[in-house]
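Novice: Sequence and predicted structure are below.
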Amino acid sequence: MARPKQTHRPTASQVPRPVAQTPRNLSIQLVAFVALTIAGIVTYYNSFSVPFVYDGVNMIELNPAVRDVWYWLGFRGNMHSSSDDRPIGFLTFALNYAWSGYNVWGYHVVNLAIHVGAGWLLFDVTRRTLLRPKIASFAGAHAGGLALAIALVWIVHPLHTQSVTYIYQRLESLMGLFYLAALWCFLRALDSPRRRWWFAASVASCALGMGTKEVMVTAPVLILLYDRVFVAESWRSLFTQRVGYYATLAATWGILAGLMIAHADEYVSSGVMKVEGVSPLKYALSQPGVILHYLRLAFWPDELCLDYRWPVATTVVAIVPPALLIGAFLAISFWASYRGYAWGCLGLFFFLLLSPTSSVAPIVDLAVEYRMYLPLAAIVALAVCAVYAIGRNVARRTNGPEQQRSFWERSLPAILVLAVVVPLCMRTIRRNADYESELKLWQMTAAQQPENARAHTNLSRQLNIAGQLPAALDESNLAIQFDKDYALAYNNRGDVLLKLGLAREAYDDFSKAIELGAGAPQVYYNRGNALVAQASLDEALADYGRAIDLAGDFASAYHNRGVVFSRQKQHQRAIDDFTRAIDLQPDLAEAYVNRAAEHQALDEPRLVVKDCNQAIKLNAQFGPAYAQRAMANYRLGRYGEARNDVQTAARLGAPLNPDFLRALEAASNRGNRPASSRP
């Protein structure tokens, strides 16, 4: 990019003026919108069946708050969610659930719409920037084409698969959309007679971004820097003209600060701001290597990985060379910005956008690809503009005026863009296929990072779900071999051992996980299951109670505690727990049938029929529901219906009480109600 002139008194050509919306500009915007939409659909068409994976399972699929839009609009009652610190992003998940339930295509449609919207905003922000008087001489005549090239490369880049294909990481792309919207509205305000409305829209976008993800904290600073470099003639004129706007924009920091303070404990428990064994200094010394890795993937995205488990840098080789390279890049960016070169500002934007996650604030995951969602835009813009500048200079020296060039020479820029966009698009499509199942995804991750204990643990969990228990046990053993203090590895191995019928060994692993600090409700729930398998019912009740204390929305814990109460003949307490489980998870057919069994024990056949009807509605192949309803219909004198239910239960393999079958046959033969209500 060209160096903007720096003078004390701007000439008429330097005074900022509106970007004219000529028919040509409008047609370029329409072409860009269509091209970016098509590029997005082609690139992500094969992602629409990708299931919920990793955090998406716990944070969306198993999160009761996602099933309640009103919760995210402030009507929370007694419910609590661990995702309250990012309310705007989770509101979109709740709206998705209201629209399509857990059908993943609906979530992917929204994810893609967010990504395409961000791509269009990037296009128009870039186009308007290139038309600003300060740098219009660089590429003003080709602003639309250059902006489209940047946006196309950005929108199809494989680094974005984590933010688009991985449903839960919508939080990153949605934050990026609000970030670009805040900057875009600021630019619109400069060129519009309704400046106040556009400035207000910019502040509103910034506020929404603050409620979506923490990286938005840099937005007011970036917009201020952008203003000084591309728009304002001096700091004095900037604040004189727009002090109210920047004061209001800075006030949005209060939203993020309030959320972080209110949920400080959740940040610590999730490995943010405070990570055991990783000081701010160690984290900062490790980040140059991480940033170099990001830059390599930006230019050559060959091996993408869901979970790097990036190690803390401890050696001179791991610290010094990357620090020197990144330090030089940062120094050059500062120097270029100081000297007035616009490309230097792109370098500063890159570091500024990465600063919340790649500076001194420790995060348990040192490297994650989705953090490059917005920083990649600065790198792509820098690369495309550099190629454009080189090509323009070469063309001027060799071929003369543009009008005299051949068709192929004029088409060369478009050919070069396609030569980059098409391979990137194909790589993204292949990467989407890696997400087709969480088992496949973790198999790839474990192969890429063979000493990553977390990858082996998650692979073990997926093998467990798939019923491949011996392989799951091997993966858990590998995880423990690589990290003997990894609590979740013991928890996962315990779950496998329990399914293998080794309840005592499973109990030991769950206890070890708790000893290592795994205070998650799932671990206590699992240990409760191991205790039930050993007939230690009172101890199991204590662990289920602990799980419920830690997570009041834990439907399975209520259900299993109800089963224990049932075995202890505490029928009303069992009914209460089954009812709570149903309230939290209305599609839990087993809870309806178990509650029906308790009503059966209390001689309440009409309630039994009601619960069994609901269970059958949820799962028409659930044999125990027919068996329970058969007994209730018998008590109500509905012998024909009871016989039908008995036949269906037998066909589905549900166990039936022989005494009940004899009583039903005798009552049917008599044709009247039995003397006793119990068979």
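Specialist: Perfect, I can see it now. Since the structure is predicted, the reported quantities are computational estimates derived from the model, not experimental observations.

Novice: Going by C-alpha atoms from here, please, whenever you check contacts or count neighbours.
Specialist: Fine.

Novice: so what pLDDT did P401 get?
Specialist: At P401, the predicted lDDT confidence score is 57.

Novice: Tell me how far the residue sitting furthest away from the middle of the chain lies from D645.
Specialist: Relative to the C-alpha centroid of the chain, counting by CA atoms, centre = their mean, R670 is the outermost residue, at 63.2 Å. Per CA to CA, to the nearest Å, R670 is found 19 Å from D645.

Novice: Likewise for V384?
Specialist: On the measure of CA to CA, V384 and D645 end up 70 Å apart.

Novice: Same question for G211.
Specialist: Counting by CA to CA, the gap from G211 to D645 is 52 Å.

Novice: Skipping its backbone neighbours, what lies nearest T428 in space?
Specialist: P158 (4.4 Å; CA to CA, 6 or more residues apart in numbering).

Novice: N491 too?
Specialist: Using CA to CA, 6+ apart and skipping residues adjacent in sequence, the residue nearest N491 is F510, 5.2 Å away.

Novice: where does this protein have low pLDDT?
Specialist: Across the chain, the ranges flagged by pLDDT under 70 are 1-25, 76-83, 396-410, 671-679.

Novice: Mark out where each domain of it begins and ends.
Specialist: 18-300+309-394+411-428, 594-679 (automatic domain parsing).

Novice: among those domains, which is nearest D553?
Specialist: Among those, the nearest to D553 by CA to CA is domain 18-300+309-394+411-428 (7.0 Å).

Novice: and W442, what element?
Specialist: Assignment of secondary structure by DSSP states H and E places W442 within helix 438-448.

Novice: can I get the CA coordinates of that helix in CSV?
Specialist: Written as CSV, here are the backbone C-alpha positions of helix 438-448 (Å, rounded to 0.1, in the frame of the first residue of the first chain):
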residue,chain,number,x,y,z
GLU,A,438,-16.1,-37.0,16.2
LEU,A,439,-14.4,-40.5,16.2
LYS,A,440,-12.7,-39.8,12.9
LEU,A,441,-11.7,-36.3,14.0
TRP,A,442,-10.0,-37.5,17.2
GLN,A,443,-8.4,-40.4,15.3
MET,A,444,-6.7,-37.8,13.1
THR,A,445,-5.8,-35.6,16.0
ALA,A,446,-4.2,-38.4,18.0
ALA,A,447,-2.2,-39.4,14.9
GLN,A,448,-1.1,-35.8,14.4
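
Novice: let's have the chain start at 58 instead
Specialist: In the new count, where the first residue is 58, that last one comes out as helix 495-505.

Novice: And the next helix or strand past that helix?
Specialist: helix 510-522.

Novice: What are the buried residues along that next one?
Specialist: 510-521 (16 or more other CA atoms under 10 Å).

Novice: Then stretch 302-317?
Specialist: Those would be 302-303, 306-307, 309-310, 313, 316-317, for stretch 302-317 by 16+ other CA under 10 Å.

Novice: Sort out for me which of those residues are in strands.
Specialist: Among the buried residues of stretch 302-317, no member falls in strands (criterion: DSSP state E).

Novice: Rebuild these as CSV, extending it with distance to V166.
Specialist: Below are these laid out as CSV (distance: CA to CA, whole Å):
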residue, distance to V166
Y302, 34
Y303, 35
L306, 31
A307, 33
T309, 29
W310, 31
L313, 28
L316, 28
M317, 30
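
Novice: of those residues, closest to Y128?
Specialist: Distances from Y128 to the buried residues of stretch 302-317, taken by CA to CA, are shortest for L316, at 15.8 Å.

Novice: Let me see the contact set for the closest residue to that closest one other than its chain neighbours.
Specialist: Spatial nearest neighbour of L316, chain neighbours left out: D142 (5.3 Å); criterion: CA to CA, 6+ apart. If you count contacts by CA atoms under 8 Å, 6 or more residues apart in numbering, D142 has them with 268, 316-317, 319-320.

Novice: need the residues you listed in TSV with distance to Q86, can you?
Specialist: Formatted as TSV, the contacts of D142 follow (distance: CA to CA, whole Å):
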residue	distance to Q86
G268	30
L316	37
M317	39
A319	42
H320	42
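
Novice: Pick out whichever of those sits closest to W254.
Specialist: Nearest to W254 among these, with distances taken as CA to CA, is G268, at 21.2 Å.

Novice: Check whether the closest one really touches A314, as I assumed.
Specialist: No - between G268 and A314 there is no contact under CA atoms under 8 Å: 10.1 Å.

Novice: what's the burial count for the residue nearest to T485?
Specialist: 30 (other CA atoms under 10 Å).

Novice: Please name the residues that touch it.
Specialist: 358, 481-482, 484-485, 488.

Novice: which stretches of the protein form strands?
Specialist: Counting by DSSP E, the chain contains no strands.

Novice: Phi first, then psi, for A677.
Specialist: phi -70, psi -10 (degrees, to the nearest 10).

Novice: That one: neighbour count?
Specialist: 13.

Novice: can you check A198 too?
Specialist: Going by other CA under 10 Å, the residues that sit close to A198 add up to 12.

Novice: Distance of it relative to D600?
Specialist: For A198, the distance to D600 - CA to CA - is 70 Å.

Novice: can you check A446 too?
Specialist: From A446 to D600 the distance is 67 Å (CA to CA).

Novice: who has more neighbours, those two?
Specialist: In terms of neighbours (other CA under 10 Å), D600 is the more surrounded of A446 and D600; the figures are 23 against 16.

Novice: dump the residue contacts of that one.
Specialist: If you count contacts by CA under 8 Å, 6+ apart, then D600 has 581-582, 584-585 around it.

Novice: again, only using 10 Å
Specialist: 578, 580-586, 588, 594, 606, 614, 618 (CA atoms under 10 Å, 6 or more residues apart in numbering).

Novice: Please produce CSV containing those, extended by distance to L363 and neighbour count.
Specialist: Output for the contacts of D600, formatted as CSV (distance: CA to CA, whole Å; neighbours: other CA atoms under 10 Å):
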residue, distance to L363, neighbour count
P578, 25, 20
V580, 24, 27
Y581, 28, 27
Y582, 28, 27
N583, 27, 25
R584, 29, 29
G585, 32, 30
N586, 31, 26
L588, 35, 21
L594, 40, 19
D606, 32, 12
A614, 30, 29
R618, 36, 28
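
Novice: Which of those residues sits closest to V369?
Specialist: Nearest member of those to V369, counting by CA to CA, is V580, at 28.0 Å.

Novice: Contacts only, for the closest one.
Specialist: V580 neighbours (CA under 10 Å, 6+ apart): 544-545, 547-549, 551-552, 566-568, 570-571, 586, 600-601, 603-604.

Novice: First-to-last residue distance for stretch 386-405?
Specialist: 9 Å.

Novice: And the contacts of that stretch?
Specialist: 58-63, 191-192, 279, 282-283, 286-287, 380-385, 406-409, 411, 432, 434-440, 442-443.

Novice: In ChimeraX, how would I select the buried members of the residues you listed?
Specialist: Only the buried entries of these go into this ChimeraX selection, using 16+ other CA under 10 Å:
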select :58,60,61,191,192,279,282,283,286,287,380,383,406,407,408,409,411,432,434,435,436,437,438,439,442
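
Novice: and the residue nearest to A599 when sequence neighbours are not counted, what does it touch?
Specialist: Nearest non-adjacent residue to A599, counting by CA to CA, 6+ apart: G585, 7.8 Å away. Listed by CA under 10 Å, 6+ apart, the contact set of G585 reads 564, 567, 579, 591, 593-604, 614, 617-618, 621.

Novice: how far away is G585 from Y303?
Specialist: Taking CA to CA, one finds G585 at 55 Å from Y303.

Novice: out of the contacts of P215, what pair is the most spread apart?
Specialist: For the contacts of P215, the maximum inter-member distance is 11.3 Å, found between P358 and C482 (CA to CA).

Novice: which one of those two has more residues nearby?
Specialist: Higher neighbour count among P358 and C482: C482, with 23 against 16, using other CA under 10 Å.
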